[in-house]
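>>> Whatever this is, show me its structure:
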Amino acid sequence: MSERSELIQNFVSAGKRDLRPLLREAAGELHLAEEEALAVGAFMTQTWMHGAQSGHEQMLARADPEHVEPDTEQIEAHFRELMEACAEELDLSLPRTVSVWSFLSRAWIAGVNSSRAETLAMALEGDADVAEEALRWLEEERGP
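This is a model prediction of the structure:
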């Protein structure tokens, strides 16, 4: 598997890992109907992906001085657009809408954190020879 394919697969897995329990919690807490839960899930996925992209851009900016930090105003504007679109589509009461926005915020933060973790893991793996380390550990276990 290529490094790019592995990175994509790791991000997909991280998204599922982060969003499944969050969506279950939102659906239960807000008593969402099935179609509402699907809509919230779609918005959470979009939000998570934007958080992941933002986290990745932050890591690149830290690693490469020539890479520009992400534009926080643009991030905030896009997040606000997602929250407004979600509110319009779901047409929930104000308290439930605010609760959904809280879940969207948590999805965004999860995306940022997962992106940072996956990017760091890939960088560490790239610098390490895992096969060589495993052989060394096996030899140490066997002894002289």
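
>>> residues touching Ile75, list them.
Ile75 makes contact with His50, Ser54, according to Cβ atoms under 8 Å, 6 or more residues apart in numbering. Where C-beta positions appear, they are placed from N, C-alpha and C, glycine not excepted.

>>> Tell me which helix or strand it sits in.
Using DSSP states H and E, Ile75 sits within helix 72-90.

>>> roughly how far out does the following helix or strand past that helix sit from the chain middle?
Downstream of helix 72-90, the next assigned helix or strand under DSSP H and E is helix 94-127. Distance of helix 94-127 from its chain centroid, counting by Cα atoms, centre = their mean, to the nearest Å, is 4 Å.

>>> which helices and strands does helix 94-127 pack with?
Contacts defined by 3 or more Cβ pairs under 8 Å, 6 or more residues apart in numbering; DSSP states H and E place helix 94-127 against helix 3-30, helix 34-63, helix 72-90.

>>> So what touches stretch 8-22?
With Cβ under 8 Å, 6+ apart, stretch 8-22 has contacts from 1, 41, 44-45, 48-49, 52, 103, 106-107, 110-111, 114-115, 117-118, 121-122.

>>> quick revisit: mean confidence for the helix holding Ile75?
For helix 72-90, mean pLDDT rounds to 90.

>>> what's the pLDDT at His56?
Among the per-residue scores, His56 shows a pLDDT of 81.

>>> count of residues packed around it?
Applying other Cβ atoms under 10 Å, we find 20 residues neighbouring His56.

>>> you'd agree it is up against Ser115?
Yes. His56 is within contact range of Ser115, at 4.7 Å (criterion: Cβ atoms under 8 Å).

>>> Now stretch 108-121: buried residues?
Buried residues in stretch 108-121, counted by 16 or more other Cβ atoms under 10 Å: Trp108, Ala110, Gly111, Val112, Ser114, Ser115, Arg116, Glu118, Thr119.
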